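Enquirer: Generate coordinates for the sequence data below:
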Amino acid sequence: MLAALREPGSRRLLINFTAFELGWLACVLGGSAIGALAAAAIIALHLGWQARPGEWRWLAGFALLGLAVDGGLHLAGGFDFGEATLAFGLLPLWLWLLWPMFATLLHHSLAWLWQRPWLAVIGGALSGPLSYYAGARLAGVELAPWLLPAQALVWGLLCLWLTVRLGRGERSTSIT
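Expert: Next up, the predicted model:
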């Protein structure tokens, strides 16, 4: 394990993963102002240091996807954000920023996963809702009883789509 961390590629993957986790904590615990600063720093550093050409499109796409998915689930009554200020009238900024930050993992620390469709689907269906549950508990967000099963379906299908899109051997190394 320690020998693997001496390799620059392994260190970059660990930094990529750690940056996301720190950004997640900053967003969930710090709210929109601190989350925005953390996400801006993480995304800017990612794009400047680690991203592949054109990878910004994945981050922008996931930002739009997050607004559509979580915004739609909020409109359906899945989230109760209390008195929080909502970006675009749909979501707190901190929740929305988690989506493009997640996209920083796709071609880097999660790239191995897209070659394993069943593991990706099960991982998404379990870790997606667990992340929402933990984040809601820490941020004081109320979740409707049906939201976590809906998130399991969303994240399982999203990860399945990612295995199709990114898990095709040589295509997984290019941005298309």
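
Enquirer: from here on, contacts and neighbour counts on C-alpha atoms
Expert: Will do.

Enquirer: Give me the distance between Phe88 and His107.
Expert: Plainly put, Phe88 is 28 Å away from His107 if you go by C-alpha to C-alpha, to the nearest Å.

Enquirer: neighbour-wise, which of the two wins?
Expert: Between Phe88 and His107, counting by other C-alpha atoms under 10 Å, His107 is the more crowded of the two (22 against 10).

Enquirer: and Ala120, what element?
Expert: Per DSSP states H and E, Ala120 falls inside helix 117-139.

Enquirer: For the residue most central in space within the chain, which non-adjacent residue is spatially closest?
Expert: Closest to where the C-alpha atoms of the chain average out (C-alpha atoms, centre = their mean) is Phe102, at 2.4 Å. In space, and not counting its chain neighbours, Phe102 is closest to Phe20: 6.9 Å by C-alpha to C-alpha, 6 or more residues apart in numbering.

Enquirer: how about Phe17, what does it touch?
Expert: Phe17 makes contact with 105, 109 under the criterion C-alpha atoms under 8 Å, 6 or more residues apart in numbering.

Enquirer: Tell me which stretches of the protein form helices.
Expert: 2-5, 8-45, 56-75, 93-103, 117-139, 147-166 (DSSP state H).

Enquirer: Which pLDDT does the model give Ser10?
Expert: Ser10 is assigned a predicted lDDT (pLDDT) of 85.

Enquirer: Also Gly169?
Expert: pLDDT at Gly169 comes out at 53.
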